[in-house]
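Asks: using only what follows, build the 3D model:
(chains A and B)
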Number of protein chains: 2
Amino acid sequence: MSLLCLREICRKMRSIKQTELEPLVRRANQIRTEVTQGGRKPCKDVIDVSWGDKHRGGVQPLTFVRQVLAACLYPQLIHSYKLPGDVRQRVQSLLGACDGGSVGSYTPTGGISYIQCSVSNFISRRDGGVPSSPENIFMTSGSQRSIMQVLKMLADFHNQASLPTGVLTAVPTYPSFKKILQRLGAAVVPYYLDEEQGWAMEVEELRRALQASKGVCNTVALYVINPGNPTGHVQSRKCIEKVIRFAAEERLFLMADEVYQESVFGEGSEFVSYKKVLSEMGPPLSHTVELASFHSASKGFMGECGLRGGYVELVNLDPAIMKYAYTIFSTDICAPVTGQLALELMANPPRPGDPSYPVYTQETQSIRAMLVHNMNWVPEFLNNIPGISCQPMMGGAFVFPRLYLPQAAIEKAKVVGMQPDLWYCKRLLEAGVCVGPGCEHGQKEGTHHIRLCVMTPVETMEEVLKRLKNFHLHFLKEFS
Amino acid sequence: MSLLCLREICRKMRSIKQTELEPLVRRANQIRTEVTQGGRKPCKDVIDVSWGDKHRGGVQPLTFVRQVLAACLYPQLIHSYKLPGDVRQRVQSLLGACDGGSVGSYTPTGGISYIQCSVSNFISRRDGGVPSSPENIFMTSGSQRSIMQVLKMLADFHNQASLPTGVLTAVPTYPSFKKILQRLGAAVVPYYLDEEQGWAMEVEELRRALQASKGVCNTVALYVINPGNPTGHVQSRKCIEKVIRFAAEERLFLMADEVYQESVFGEGSEFVSYKKVLSEMGPPLSHTVELASFHSASKGFMGECGLRGGYVELVNLDPAIMKYAYTIFSTDICAPVTGQLALELMANPPRPGDPSYPVYTQETQSIRAMLVHNMNWVPEFLNNIPGISCQPMMGGAFVFPRLYLPQAAIEKAKVVGMQPDLWYCKRLLEAGVCVGPGCEHGQKEGTHHIRLCVMTPVETMEEVLKRLKNFHLHFLKEFS
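Replies: Just a heads-up that it's a prediction; the model follows:
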């Protein structure tokens, strides 16, 4: 490797920052190893609530989902194992839709057409009858991949200018989004969510951000996460209408990341999709605003992150662009079939009267009860700790409480060359809890936060908060 | 969408050609629908041998693989269903390696570390003890994705020059490779395989191609497919040594696509990996030539294309570049877990004495027998058809016979604005056989070929060749 290349690598490495979480996760694994080997640690284990990963956190997979998937992989089970009738039927329909009757065959680019239809019907039912076309659905190996492909498409179209393509991006946000933009050479145009208003999105702020980007980049899209990650905020219909009107005025492509749509349990909160609101606003908006809506099998009740299944619905795109989209998505050949199957089961869960319905209902109710409990209780508990404030949680999987760190702690973090909240997280790790630092997600200058996943069994969550509180009180004492 | 954007799209659409196969596949589906609806067609169905997809073609999945996967998805099967002891043990080890004991959890970027170790041990065993490090293995959603990520890395490093990054690419080749290069703005530097020598690779031709690329692009890598796709050629150790020496002299990064390594049955042929040959050539080459070797769960005996599991082993890369590779691969979060599990089962099939061994052996032997039969018989049969010549097949999944088309047919194709072999394929489709046109893979100016997949049950293959022969003889008569 020539010196020239090595210099080039260093430049690249700097431009693509590694995730702040990486050293935390590494240290968490180290501590786990030390604990197993009988090392003396202040904690007996590390509980990791930095990820949004249900099964890792101890939530059990849904029986119906796993029975169908298992029998799709090993169809002999249909005849040789006691499975509920609806599971058997579902397996037969799904295998009938796979080429060669096997989940081991490639599928078309957008996914198995039977599943595209299921997903499209699901969207239409969810949105109270708003039409959805199967050919606008592209299944991918997860919503991150869908987002990447749509951004690639946008960056391709708009790269003719000397300015980089810009995307309005919430602060705080889902951190991978920023990384994808960086990889594509596109620019993050930050807009701030209003913490004091429960992390609400304000159109005036969008306008300010767009204005500020003029001359710096060519801002062509607006990325929205609803329900919020990491904020736990859920947008009202009124807010969505305003955002759509803004996008229309400014001719922005709307990217609606709606992967937490199943997880809205806050009192008075309700999930309404951007697609539905757009459709109900009527022409000309309903026929002109370009929208990509993302969903996933990783979130919601099933939480099947490892299967890698996501989809995007593309709305109001010019047929020439749809053809281009097809070309872009086809570079992946096809999405993993088990992920596609999971999406079908998410779109069509058991219905009343189906043999699997009682168990399915019991399992999802128990997850729901856990989430409802945590959503109410976690912010309340955090608000009772001195030096922490937490906005109420309406949906999603995370809370993003603010830390009021003593000046001495902030100075100390500076000395060790770390963001104060990252340093706080590293210290908290030694007390047996792994959370994400606010700097990873973005936050207003001078504020500090942490992100905790609440899709965690109640007893585990109780232990997490007990440890966090103890640690935090000691931390405050140490630095005040 | 502004006019400017539409113009931009048209430019992009031209630069990224859609696959030539697309209209064929669409027409094949149309004919199938017509046949189902009782339309009058010269054929009763369409047999599609244009893909390299075992299960679609009618080959059954391996019982051991599917039993393990099913029980990993629905672990209750371990206790409630009669499964062989080794399947149960395997499931327990694999689930123990998944976070939260579930295939529904995210995995680290490179894959589940237990499986990285398995794969690395497999490579080492395959190569007669040449060491392999688990941290050099990255699992992805298929070899196409691995190739894309490695190319992205190369294009990133070398984009500092005003010339585009170039990659030496075989003609004929695997067509997706060219599409990926185009997407990255990199250049295809074509080198021709020698059809008369059974599609062998010649270093003199590599040298000519590299020389011709000077001033046009910055050629930094050499892409090799061994066993060949679409050629069915298998490189000798001597050939590989020469290629490695050439790469070393010219400081080229070697990309060895070795996904068909399990499918070498030609008499006197043997698969030897680039990694093994490189290692045995000793220092300094064995420590300096940069190599990426690709493998997949889609090919070989299991043929699990739909699960999307592939890996790349990176050899002799500078630690700074490895760190960069990690960052690139991490944009996908992780590979689908069922695909990762399939790779583990490929790396560790049942061994003599294991309860699953007899059935596994019987199933793989039957696939082997089918392949050996087709590999010998298909080229022989094709060579006996006037106007077709076919090189002997040593490995892989495809034959790529040459068509000597009558001048009148070539003229006719020109009139309808199609490549002659594409037009031939469209006509053949109406006779009930779908094959790939040579122009999709690249061929010497003025020559015409078709690609057929021979991983197809013998009776199906017989029917394919019967239809092809009848069609071809009529075609010759029509145009001579």
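
Asks: chain A: strands as residue ranges?
Replies: Remark: strands assigned in chain A by DSSP state E are A:47-48, A:137-140, A:165-171, A:187-192, A:218-225, A:253-257, A:291-296, A:310-315, A:388-389, A:398-399, A:402-403, A:433-434, A:436-437, A:448-453.

Asks: which residues does the closest residue to A:F294 other than its chain neighbours contact?
Replies: Spatial nearest neighbour of A:F294, excluding adjacent residues (Cβ to Cβ, 6 or more residues apart in numbering or on different chains): A:S143 at 4.5 Å. For the C-beta atoms, the positions are set from N, CA and C on the backbone; glycine is no exception. If you count contacts by Cβ atoms under 8 Å, 6 or more residues apart in numbering or on different chains, A:S143 has them with A:D257, A:V259, A:F294, A:H295, A:S296, A:S298, A:G310, A:Y311, A:V312.

Asks: near chain B, which residues of the stretch 251-400 of chain A are found?
Replies: A:251, A:290, A:302-308, A:318, A:320-321, A:323-324, A:327, A:330-339 (Cβ under 8 Å from any Cβ of the partner chain).

Asks: mind checking which of the residues you listed are in helices?
Replies: A:A320, A:I321, A:K323, A:Y324, A:T327, A:S330, A:V337, A:T338, A:G339 (DSSP state H).

Asks: tell me which of the residues you listed is nearest to chain B?
Replies: A:V337 (3.6 Å; Cβ to the nearest Cβ).

Asks: follow-up on the earlier one: export the strands of chain A to a markdown table and tack on mean neighbour count?
Replies: Formatted as a markdown table, those follow (neighbours: other Cβ atoms under 10 Å in any protein chain shown):
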| stretch | mean neighbour count |
| --- | --- |
| strand A:47-48 | 22 |
| strand A:137-140 | 28 |
| strand A:165-171 | 24 |
| strand A:187-192 | 20 |
| strand A:218-225 | 24 |
| strand A:253-257 | 26 |
| strand A:291-296 | 26 |
| strand A:310-315 | 25 |
| strand A:388-389 | 18 |
| strand A:398-399 | 26 |
| strand A:402-403 | 21 |
| strand A:433-434 | 24 |
| strand A:436-437 | 28 |
| strand A:448-453 | 26 |
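
Asks: residues contacting the closest residue to chain B within the stretch 101-250 of chain A?
Replies: Chain B sits closest to A:S102 of the stretch 101-250 of chain A, with a gap of 3.7 Å, by Cβ to the nearest Cβ. Shown in contact with A:S102 (Cβ under 8 Å, 6+ apart): A:L95, B:H55, B:R56, B:P61, B:G306.

Asks: which two in those residues are spaced the farthest apart?
Replies: A:L95 and B:R56 (12.8 Å; Cβ to Cβ).

Asks: the two: who's more crowded?
Replies: With neighbours defined as other Cβ atoms under 10 Å in any protein chain shown, A:L95 and B:R56 compare such that B:R56 has more, 25 against 18.

Asks: interface residues of the stretch 101-250 of chain A facing chain B?
Replies: So the stretch 101-250 of chain A meets chain B at A:101-107, A:141-142, A:144-145, A:148, A:156-158, A:160, A:176, A:179-180, A:183 (Cβ under 8 Å from any Cβ).
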